[in-house]
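>>> The following block contains a protein sequence and its predicted model.
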Amino acid sequence: MLIAGAAVLGLVAGTCAGYLIQADREPTRLPSLSQPKLTQAEGAAPEPLSAARDRHVRTDGDLRKLLLKKPRGAKSAEWLRTADGWVDLADHARTFEQPDAAYPELVSDEFRRMAVVGWKTGDLAVEIRLVQFRQEESTAAADITQDNQYWAEAEDPDSWAVPGTGDGMAYASSEPRSEPGYRPLYSAQAFAWRGDVAMQVFAFDTKPIAKKTIMSLAERQMERL
(Lines give C-alpha, C1' and ligand atoms only; values in the text may rest on other atoms or scores of the structure.)
Protein backbone atom coordinates (compact mmCIF):
# COMPACT_ATOMS: atom_id res chain seq x y z
CA MET A 1 0.00 0.00 0.00
CA LEU A 2 2.91 2.33 0.77
CA ILE A 3 4.47 1.67 -2.64
CA ALA A 4 1.14 2.23 -4.43
CA GLY A 5 0.50 5.45 -2.49
CA ALA A 6 3.97 6.73 -3.34
CA ALA A 7 3.36 6.00 -7.03
CA VAL A 8 0.10 7.94 -7.02
CA LEU A 9 1.67 10.91 -5.24
CA GLY A 10 4.56 10.87 -7.72
CA LEU A 11 2.13 10.93 -10.65
CA VAL A 12 0.13 13.82 -9.18
CA ALA A 13 3.30 15.75 -8.42
CA GLY A 14 4.61 15.23 -11.97
CA THR A 15 1.34 16.43 -13.46
CA CYS A 16 1.29 19.54 -11.30
CA ALA A 17 4.89 20.32 -12.24
CA GLY A 18 4.03 20.01 -15.91
CA TYR A 19 1.16 22.48 -15.59
CA LEU A 20 3.40 24.96 -13.75
CA ILE A 21 6.10 24.74 -16.42
CA GLN A 22 3.53 25.20 -19.22
CA ALA A 23 1.93 28.16 -17.41
CA ASP A 24 5.28 30.01 -17.30
CA ARG A 25 5.83 29.69 -21.06
CA GLU A 26 4.80 32.28 -23.66
CA PRO A 27 1.64 31.30 -25.63
CA THR A 28 2.34 29.75 -29.01
CA ARG A 29 1.01 31.93 -31.86
CA LEU A 30 -1.68 30.27 -33.95
CA PRO A 31 -1.41 30.40 -37.74
CA SER A 32 -3.35 33.16 -39.44
CA LEU A 33 -6.86 32.24 -40.56
CA SER A 34 -6.83 34.66 -43.49
CA GLN A 35 -6.00 33.43 -46.98
CA PRO A 36 -3.31 34.94 -49.20
CA LYS A 37 -4.50 37.93 -51.15
CA LEU A 38 -5.94 36.95 -54.50
CA THR A 39 -4.91 38.89 -57.55
CA GLN A 40 -7.82 40.38 -59.47
CA ALA A 41 -7.92 39.26 -63.08
CA GLU A 42 -7.63 42.03 -65.63
CA GLY A 43 -9.50 42.53 -68.86
CA ALA A 44 -13.12 42.08 -69.86
CA ALA A 45 -15.09 38.99 -68.87
CA PRO A 46 -15.58 36.35 -71.58
CA GLU A 47 -18.66 36.66 -73.74
CA PRO A 48 -21.55 34.30 -72.85
CA LEU A 49 -22.00 31.28 -75.08
CA SER A 50 -24.23 31.78 -78.09
CA ALA A 51 -27.47 29.84 -78.51
CA ALA A 52 -25.70 27.63 -81.05
CA ARG A 53 -23.21 26.49 -78.38
CA ASP A 54 -25.33 26.65 -75.23
CA ARG A 55 -28.38 24.37 -75.45
CA HIS A 56 -30.00 25.84 -72.34
CA VAL A 57 -30.27 29.23 -74.04
CA ARG A 58 -32.57 27.60 -76.58
CA THR A 59 -34.45 25.05 -74.46
CA ASP A 60 -35.13 27.52 -71.64
CA GLY A 61 -36.90 29.73 -74.13
CA ASP A 62 -40.07 28.99 -76.08
CA LEU A 63 -39.98 25.25 -76.83
CA ARG A 64 -42.71 25.68 -79.43
CA LYS A 65 -40.23 27.48 -81.68
CA LEU A 66 -38.09 24.34 -81.78
CA LEU A 67 -40.91 22.13 -83.06
CA LEU A 68 -41.16 21.22 -86.73
CA LYS A 69 -43.53 23.47 -88.63
CA LYS A 70 -46.78 22.13 -90.00
CA PRO A 71 -46.30 21.39 -93.72
CA ARG A 72 -47.96 23.73 -96.17
CA GLY A 73 -51.42 22.50 -97.01
CA ALA A 74 -51.65 20.14 -94.03
CA LYS A 75 -54.66 20.23 -91.73
CA SER A 76 -54.32 21.12 -88.05
CA ALA A 77 -54.53 18.26 -85.56
CA GLU A 78 -57.99 18.43 -84.00
CA TRP A 79 -57.16 15.65 -81.51
CA LEU A 80 -54.50 17.61 -79.62
CA ARG A 81 -55.33 18.72 -76.06
CA THR A 82 -54.05 22.25 -76.60
CA ALA A 83 -55.04 25.56 -78.12
CA ASP A 84 -51.64 27.25 -78.02
CA GLY A 85 -49.10 24.42 -78.38
CA TRP A 86 -48.54 23.93 -74.62
CA VAL A 87 -49.73 20.83 -72.72
CA ASP A 88 -49.85 20.92 -68.94
CA LEU A 89 -49.22 18.08 -66.51
CA ALA A 90 -52.85 17.04 -66.14
CA ASP A 91 -53.55 16.93 -69.89
CA HIS A 92 -50.33 15.03 -70.55
CA ALA A 93 -51.31 12.45 -67.92
CA ARG A 94 -54.64 11.96 -69.73
CA THR A 95 -52.80 10.69 -72.82
CA PHE A 96 -51.77 7.56 -70.88
CA GLU A 97 -53.91 4.44 -70.55
CA GLN A 98 -53.94 4.91 -66.76
CA PRO A 99 -53.96 8.70 -66.08
CA ASP A 100 -54.34 8.26 -62.30
CA ALA A 101 -51.08 6.32 -62.19
CA ALA A 102 -49.31 8.48 -64.77
CA TYR A 103 -49.93 11.77 -62.93
CA PRO A 104 -47.86 11.00 -59.77
CA GLU A 105 -45.21 9.36 -61.95
CA LEU A 106 -44.81 12.56 -63.97
CA VAL A 107 -44.62 14.59 -60.75
CA SER A 108 -41.90 12.26 -59.47
CA ASP A 109 -40.07 12.60 -62.79
CA GLU A 110 -40.04 16.40 -62.29
CA PHE A 111 -42.19 17.20 -65.33
CA ARG A 112 -41.66 20.83 -66.26
CA ARG A 113 -43.61 21.50 -69.46
CA MET A 114 -44.48 20.06 -72.86
CA ALA A 115 -44.78 21.61 -76.31
CA VAL A 116 -46.65 19.79 -79.06
CA VAL A 117 -47.50 20.13 -82.73
CA GLY A 118 -49.57 17.93 -85.02
CA TRP A 119 -51.04 17.81 -88.48
CA LYS A 120 -52.79 15.60 -90.98
CA THR A 121 -51.86 15.16 -94.63
CA GLY A 122 -54.29 12.87 -96.42
CA ASP A 123 -54.62 9.83 -94.17
CA LEU A 124 -51.22 10.40 -92.50
CA ALA A 125 -51.52 11.91 -89.01
CA VAL A 126 -48.40 13.18 -87.21
CA GLU A 127 -47.87 14.34 -83.62
CA ILE A 128 -44.54 15.58 -82.21
CA ARG A 129 -43.92 16.25 -78.52
CA LEU A 130 -41.04 17.94 -76.73
CA VAL A 131 -41.30 17.01 -73.05
CA GLN A 132 -39.02 18.92 -70.69
CA PHE A 133 -38.05 17.94 -67.13
CA ARG A 134 -36.41 19.87 -64.29
CA GLN A 135 -33.84 17.10 -63.71
CA GLU A 136 -32.78 18.32 -60.28
CA GLU A 137 -32.64 14.80 -58.85
CA SER A 138 -32.88 12.50 -61.88
CA THR A 139 -32.09 12.15 -65.58
CA ALA A 140 -35.76 11.83 -66.50
CA ALA A 141 -35.45 12.72 -70.20
CA ALA A 142 -33.07 9.84 -70.87
CA ASP A 143 -34.89 7.43 -68.54
CA ILE A 144 -38.32 8.03 -70.07
CA THR A 145 -36.89 7.75 -73.57
CA GLN A 146 -35.47 4.34 -72.69
CA ASP A 147 -38.82 3.26 -71.26
CA ASN A 148 -40.63 4.34 -74.42
CA GLN A 149 -38.11 2.50 -76.55
CA TYR A 150 -38.58 -0.67 -74.48
CA TRP A 151 -42.33 -0.74 -75.07
CA ALA A 152 -42.02 0.30 -78.72
CA GLU A 153 -39.57 -2.55 -79.33
CA ALA A 154 -42.13 -5.00 -77.96
CA GLU A 155 -44.89 -3.64 -80.22
CA ASP A 156 -42.96 -2.84 -83.42
CA PRO A 157 -40.03 -5.17 -84.13
CA ASP A 158 -38.91 -3.12 -87.16
CA SER A 159 -36.55 -0.47 -85.76
CA TRP A 160 -33.72 1.78 -86.86
CA ALA A 161 -31.19 4.01 -85.09
CA VAL A 162 -31.75 7.72 -85.67
CA PRO A 163 -28.43 9.24 -86.85
CA GLY A 164 -26.92 12.00 -84.73
CA THR A 165 -28.98 11.22 -81.62
CA GLY A 166 -26.70 8.84 -79.74
CA ASP A 167 -29.31 6.24 -78.76
CA GLY A 168 -32.43 7.56 -80.52
CA MET A 169 -34.60 4.92 -82.22
CA ALA A 170 -37.46 4.84 -84.74
CA TYR A 171 -40.06 2.08 -85.12
CA ALA A 172 -42.76 1.12 -87.63
CA SER A 173 -45.47 -1.50 -87.43
CA SER A 174 -45.82 -4.09 -90.16
CA GLU A 175 -49.33 -5.10 -89.07
CA PRO A 176 -52.28 -2.72 -88.64
CA ARG A 177 -54.12 -2.20 -85.39
CA SER A 178 -57.87 -2.53 -85.64
CA GLU A 179 -60.76 -1.79 -83.29
CA PRO A 180 -64.49 -2.25 -83.86
CA GLY A 181 -65.93 0.77 -85.64
CA TYR A 182 -62.53 2.09 -86.80
CA ARG A 183 -60.43 1.59 -89.91
CA PRO A 184 -57.23 -0.42 -89.43
CA LEU A 185 -54.28 1.86 -88.70
CA TYR A 186 -50.55 1.43 -89.12
CA SER A 187 -48.27 3.27 -86.71
CA ALA A 188 -44.70 4.52 -86.49
CA GLN A 189 -42.89 6.26 -83.66
CA ALA A 190 -39.49 7.64 -82.69
CA PHE A 191 -37.91 8.47 -79.34
CA ALA A 192 -34.73 10.38 -78.53
CA TRP A 193 -33.53 12.92 -75.97
CA ARG A 194 -31.19 15.88 -75.72
CA GLY A 195 -30.27 17.39 -72.34
CA ASP A 196 -33.48 17.76 -70.32
CA VAL A 197 -35.85 17.37 -73.28
CA ALA A 198 -37.36 14.13 -74.55
CA MET A 199 -38.52 14.01 -78.16
CA GLN A 200 -41.50 11.82 -79.05
CA VAL A 201 -42.78 11.40 -82.61
CA PHE A 202 -45.97 9.50 -83.49
CA ALA A 203 -47.43 8.81 -86.93
CA PHE A 204 -50.54 6.92 -88.04
CA ASP A 205 -51.83 5.98 -91.49
CA THR A 206 -54.24 3.59 -93.17
CA LYS A 207 -51.30 2.08 -95.06
CA PRO A 208 -47.83 1.02 -93.85
CA ILE A 209 -45.63 3.99 -92.95
CA ALA A 210 -42.31 3.98 -94.77
CA LYS A 211 -39.03 3.98 -92.87
CA LYS A 212 -38.06 7.13 -94.75
CA THR A 213 -41.12 8.99 -93.40
CA ILE A 214 -40.58 8.35 -89.69
CA MET A 215 -36.81 8.71 -89.96
CA SER A 216 -37.12 12.07 -91.73
CA LEU A 217 -39.46 13.40 -89.04
CA ALA A 218 -37.17 12.24 -86.21
CA GLU A 219 -33.94 13.51 -87.80
CA ARG A 220 -35.33 16.93 -88.73
CA GLN A 221 -36.89 17.42 -85.30
CA MET A 222 -33.66 16.49 -83.49
CA GLU A 223 -31.71 18.88 -85.72
CA ARG A 224 -33.96 21.71 -84.55
CA LEU A 225 -33.65 20.62 -80.92
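Ah, there it is.
>>> what are the ranges of the strands in the chain?
Listed in chain order, the strands found in the chain under DSSP state E are 75-76, 86-87, 111-121, 124-133, 158-161, 169-172, 186-194, 197-205.
>>> Please name the residues that touch residue 70.
With C-beta atoms under 8 Å, 6 or more residues apart in numbering as the criterion, the residues that contact residue 70 are 76, 117, 119. Using the backbone N, CA and C atoms, a C-beta is placed for each residue, glycine as well.
>>> in the chain, what spans have low per-residue confidence?
By pLDDT under 70, the weakly predicted segments of the chain are 1-23, 35, 51-52, 54-58, 156.
>>> How are the helices of it distributed by residue range?
Using DSSP state H, the helices found in the chain span residues 2-24, 55-59, 89-93, 99-108, 140-155, 211-224.
>>> Buried ones in the third one, by neighbour count?
Read that as helix 89-93. Residues of helix 89-93 classed as buried by neighbour count (16 or more other C-beta atoms under 10 Å): 92, 93.
>>> neighbouring contacts of that helix?
Taking C-beta under 8 Å, 6+ apart as the criterion, the residues outside helix 89-93 that touch it are 81, 82, 99, 102, 103, 106, 107, 111, 114, 131.
>>> Could you report the neighbour count for the third one?
If I follow you right, that is residue 99. Look at residue 99: counted by other C-beta atoms under 10 Å, it has 14 neighbours.
>>> so who does it touch?
Residues counted as contacts of residue 99 (C-beta under 8 Å, 6+ apart) are residue 93.
>>> if I look at it, how far off is residue 81?
Residue 99 sits 12 Å away from residue 81 when distances are taken as C-beta to C-beta, to the nearest Å.
>>> looking at it, residue 167 is touching residue 191, isn't it?
No: with contact defined as C-beta atoms under 8 Å, residue 167 does not reach residue 191; the gap is 9.3 Å.
>>> Which residue of these two possesses the greater neighbour count?
residue 191 (26 against 13).
>>> who does the more buried one bridge with?
Taking DSSP bridges, one finds residue 169, residue 200 as the beta-bridge partners of residue 191.
>>> isn't it right next to residue 165, touching?
No: shown here, residue 191 and residue 165 do not form a contact pair, counting by C-beta under 8 Å, at 9.3 Å.
>>> Looking at the contacts of residue 70, which is nearest residue 203?
For the contacts of residue 70, the residue nearest residue 203 by C-beta to C-beta is residue 119; the value is 10.6 Å.
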